[in-house]
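Student: Build me a structure from this.
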Amino acid sequence: MTKHAIGFALLCSLIVPSAWASGGGNGASPSTADRLERTAPVVDAEFTAGQAAVKQKNWREAISRMESVVKRDANNANAWNLLGYAYRNLGEMENSFASYERALTINPQHKDAHEYIGEAYLQVGNLAKAEEHLRALDKICWLPCEQHSGLKEKIEEYKRKASGGTGGGHSWMRNA
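Tutor: Numbers count the residues shown, from 1 in each chain. As a prediction, the model looks like this:
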(Lines give C-alpha, C1' and ligand atoms only; values in the text may rest on other atoms or scores of the structure.)
Protein backbone atom coordinates (compact mmCIF):
# COMPACT_ATOMS: atom_id res chain seq x y z
CA MET A 1 0.00 0.00 0.00
CA THR A 2 1.43 3.39 -0.95
CA LYS A 3 1.86 6.24 1.50
CA HIS A 4 -1.03 8.09 -0.19
CA ALA A 5 -3.33 5.09 0.04
CA ILE A 6 -2.57 4.69 3.74
CA GLY A 7 -3.27 8.38 4.29
CA PHE A 8 -6.57 8.15 2.40
CA ALA A 9 -7.63 5.05 4.39
CA LEU A 10 -6.81 6.81 7.64
CA LEU A 11 -8.76 9.90 6.59
CA CYS A 12 -11.78 7.78 5.67
CA SER A 13 -11.64 5.94 8.98
CA LEU A 14 -11.86 9.29 10.76
CA ILE A 15 -14.53 10.91 8.57
CA VAL A 16 -17.02 8.08 8.10
CA PRO A 17 -17.60 7.28 11.81
CA SER A 18 -17.97 10.96 12.66
CA ALA A 19 -20.52 11.37 9.85
CA TRP A 20 -22.55 8.50 11.25
CA ALA A 21 -22.24 9.83 14.79
CA SER A 22 -23.51 13.25 13.72
CA GLY A 23 -26.64 11.78 12.22
CA GLY A 24 -25.27 10.96 8.78
CA GLY A 25 -26.60 7.41 8.87
CA ASN A 26 -30.19 6.32 9.08
CA GLY A 27 -31.15 9.12 11.45
CA ALA A 28 -31.16 6.83 14.49
CA SER A 29 -27.66 7.76 15.66
CA PRO A 30 -27.35 10.31 18.44
CA SER A 31 -25.93 13.73 17.65
CA THR A 32 -22.25 14.44 18.23
CA ALA A 33 -23.16 16.73 21.13
CA ASP A 34 -25.14 13.93 22.78
CA ARG A 35 -22.24 11.50 22.35
CA LEU A 36 -19.69 13.96 23.73
CA GLU A 37 -21.87 14.67 26.71
CA ARG A 38 -21.93 10.97 27.56
CA THR A 39 -18.27 10.24 26.82
CA ALA A 40 -16.46 13.43 27.88
CA PRO A 41 -14.24 12.90 30.91
CA VAL A 42 -15.64 14.22 34.14
CA VAL A 43 -13.79 17.34 35.23
CA ASP A 44 -13.06 17.43 38.94
CA ALA A 45 -13.69 21.04 39.96
CA GLU A 46 -11.86 20.53 43.26
CA PHE A 47 -8.76 19.22 41.48
CA THR A 48 -8.88 22.10 38.99
CA ALA A 49 -9.18 24.61 41.85
CA GLY A 50 -6.24 22.91 43.57
CA GLN A 51 -4.14 23.22 40.41
CA ALA A 52 -5.02 26.91 40.23
CA ALA A 53 -3.99 27.35 43.87
CA VAL A 54 -0.63 25.70 43.12
CA LYS A 55 -0.07 28.05 40.17
CA GLN A 56 -0.88 31.00 42.46
CA LYS A 57 1.45 29.54 45.15
CA ASN A 58 -1.45 29.50 47.57
CA TRP A 59 -0.12 26.40 49.32
CA ARG A 60 -2.75 26.14 52.09
CA GLU A 61 -5.57 26.37 49.56
CA ALA A 62 -3.86 23.79 47.35
CA ILE A 63 -3.52 21.43 50.31
CA SER A 64 -7.15 21.87 51.27
CA ARG A 65 -8.34 21.18 47.70
CA MET A 66 -6.06 18.21 47.08
CA GLU A 67 -6.90 16.64 50.45
CA SER A 68 -10.54 16.86 49.43
CA VAL A 69 -9.74 15.15 46.12
CA VAL A 70 -7.79 12.27 47.70
CA LYS A 71 -10.54 11.71 50.28
CA ARG A 72 -12.92 11.03 47.39
CA ASP A 73 -10.38 9.33 45.14
CA ALA A 74 -7.54 7.78 47.14
CA ASN A 75 -5.95 6.46 43.93
CA ASN A 76 -5.46 9.85 42.27
CA ALA A 77 -1.67 9.92 41.88
CA ASN A 78 -1.76 13.44 40.38
CA ALA A 79 -3.58 14.83 43.41
CA TRP A 80 -1.16 13.09 45.80
CA ASN A 81 1.76 14.52 43.82
CA LEU A 82 0.41 18.08 43.96
CA LEU A 83 -0.36 17.62 47.65
CA GLY A 84 3.29 16.67 48.19
CA TYR A 85 4.41 19.68 46.17
CA ALA A 86 2.29 22.07 48.25
CA TYR A 87 3.49 20.57 51.53
CA ARG A 88 7.11 20.81 50.35
CA ASN A 89 6.68 24.48 49.52
CA LEU A 90 5.47 25.07 53.06
CA GLY A 91 8.45 23.17 54.45
CA GLU A 92 6.24 20.38 55.82
CA MET A 93 8.63 17.69 54.64
CA GLU A 94 7.15 14.69 56.47
CA ASN A 95 3.76 15.28 54.84
CA SER A 96 5.45 16.04 51.54
CA PHE A 97 7.39 12.76 51.46
CA ALA A 98 4.31 10.78 52.51
CA SER A 99 2.26 12.33 49.70
CA TYR A 100 4.92 11.74 47.04
CA GLU A 101 5.38 8.15 48.20
CA ARG A 102 1.65 7.59 47.94
CA ALA A 103 1.66 8.96 44.37
CA LEU A 104 4.53 6.63 43.48
CA THR A 105 2.82 3.65 45.10
CA ILE A 106 -0.22 4.28 42.92
CA ASN A 107 1.87 5.00 39.80
CA PRO A 108 5.56 4.01 40.00
CA GLN A 109 6.07 5.64 36.58
CA HIS A 110 4.80 9.10 37.69
CA LYS A 111 7.49 11.37 36.26
CA ASP A 112 6.48 14.52 38.14
CA ALA A 113 6.41 12.69 41.48
CA HIS A 114 9.92 11.31 40.87
CA GLU A 115 11.22 14.76 39.98
CA TYR A 116 9.56 16.49 42.92
CA ILE A 117 10.49 13.91 45.53
CA GLY A 118 14.06 14.09 44.23
CA GLU A 119 13.99 17.85 44.75
CA ALA A 120 12.54 17.32 48.22
CA TYR A 121 15.41 14.97 49.08
CA LEU A 122 17.87 17.66 47.99
CA GLN A 123 16.00 20.14 50.18
CA VAL A 124 16.71 17.93 53.23
CA GLY A 125 20.28 17.18 52.12
CA ASN A 126 19.83 13.58 50.93
CA LEU A 127 21.72 13.53 47.62
CA ALA A 128 21.75 9.72 47.39
CA LYS A 129 17.93 9.50 47.46
CA ALA A 130 17.63 12.33 44.92
CA GLU A 131 19.99 10.47 42.60
CA GLU A 132 17.92 7.31 43.09
CA HIS A 133 14.89 9.12 41.67
CA LEU A 134 17.01 10.54 38.83
CA ARG A 135 17.96 6.95 37.93
CA ALA A 136 14.27 6.00 38.03
CA LEU A 137 13.50 8.85 35.61
CA ASP A 138 16.36 7.72 33.41
CA LYS A 139 14.59 4.37 33.01
CA ILE A 140 11.09 5.86 32.63
CA CYS A 141 11.99 8.53 30.07
CA TRP A 142 12.92 6.72 26.86
CA LEU A 143 13.40 10.07 25.19
CA PRO A 144 14.63 13.13 27.06
CA CYS A 145 11.89 14.42 29.36
CA GLU A 146 11.65 17.67 31.25
CA GLN A 147 11.34 15.92 34.62
CA HIS A 148 14.67 14.12 34.13
CA SER A 149 16.36 17.29 32.86
CA GLY A 150 14.92 19.35 35.71
CA LEU A 151 16.02 16.98 38.47
CA LYS A 152 19.43 16.47 36.87
CA GLU A 153 19.95 20.24 36.79
CA LYS A 154 18.90 20.58 40.45
CA ILE A 155 21.30 17.78 41.46
CA GLU A 156 24.18 19.41 39.57
CA GLU A 157 23.36 22.75 41.22
CA TYR A 158 23.26 21.04 44.64
CA LYS A 159 26.66 19.45 44.02
CA ARG A 160 28.17 22.78 42.92
CA LYS A 161 26.92 24.50 46.06
CA ALA A 162 28.06 21.60 48.25
CA SER A 163 31.57 21.80 46.79
CA GLY A 164 31.63 25.56 47.29
CA GLY A 165 32.13 26.24 43.60
CA THR A 166 30.08 27.61 40.77
CA GLY A 167 30.87 24.70 38.48
CA GLY A 168 32.68 26.91 36.00
CA GLY A 169 36.26 26.24 37.09
CA HIS A 170 38.54 28.54 39.01
CA SER A 171 37.80 32.25 38.84
CA TRP A 172 41.30 33.05 37.56
CA MET A 173 40.61 30.76 34.57
CA ARG A 174 37.46 32.67 33.62
CA ASN A 175 39.33 35.99 33.67
CA ALA A 176 42.24 34.78 31.55
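Student: now the helices for this structure?
Tutor: 3-19, 32-39, 45-55, 59-72, 77-89, 93-106, 111-123, 127-140, 146-163, 171-174 (DSSP state H).
Student: Could you export those as TSV, including mean pLDDT and mean neighbour count?
Tutor: Heads up, the C-betas are built off the backbone N, CA and C, glycines and all. Below are those laid out as TSV (pLDDT from 0 to 100; neighbours: other CB atoms under 10 Å):
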stretch	mean pLDDT	mean neighbour count
helix 3-19	39	10
helix 32-39	43	11
helix 45-55	96	16
helix 59-72	97	18
helix 77-89	98	24
helix 93-106	98	19
helix 111-123	98	24
helix 127-140	97	16
helix 146-163	96	15
helix 171-174	30	8
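Student: what's the distance between residue 85 and residue 124?
Tutor: Distance from residue 85 to residue 124, counting by CB to CB, to the nearest Å: 15 Å.
Student: just residue 141 next, same as before
Tutor: For residue 141, the distance to residue 124 (CB to CB) stands at 24 Å.
Student: ok, those two, which is more surrounded?
Tutor: Comparing residue 141 with residue 124 by other CB atoms under 10 Å, the one with more neighbours is residue 141, at 16 against 12.
Student: Name the nearest residue to that one, sequence neighbours excluded.
Tutor: residue 148 (4.8 Å; CB to CB, 6 or more residues apart in numbering).
Student: Surely residue 49 touches residue 64?
Tutor: No. Assessed by CB atoms under 8 Å, residue 49 is found out of contact with residue 64, at 9.2 Å.
Student: tell me, what's touching the two both at once?
Tutor: Common contacts of residue 49 and residue 64, defined by CB atoms under 8 Å, 6 or more residues apart in numbering, are absent altogether.
Student: Give me the pLDDT value at residue 27.
Tutor: Confidence at residue 27, expressed as pLDDT, is 42.
Student: OK, contacts around the residue nearest to residue 141?
Tutor: Applying CB under 8 Å, 6+ apart, the residues near residue 148 are 111, 115, 134, 137-138, 140-141.
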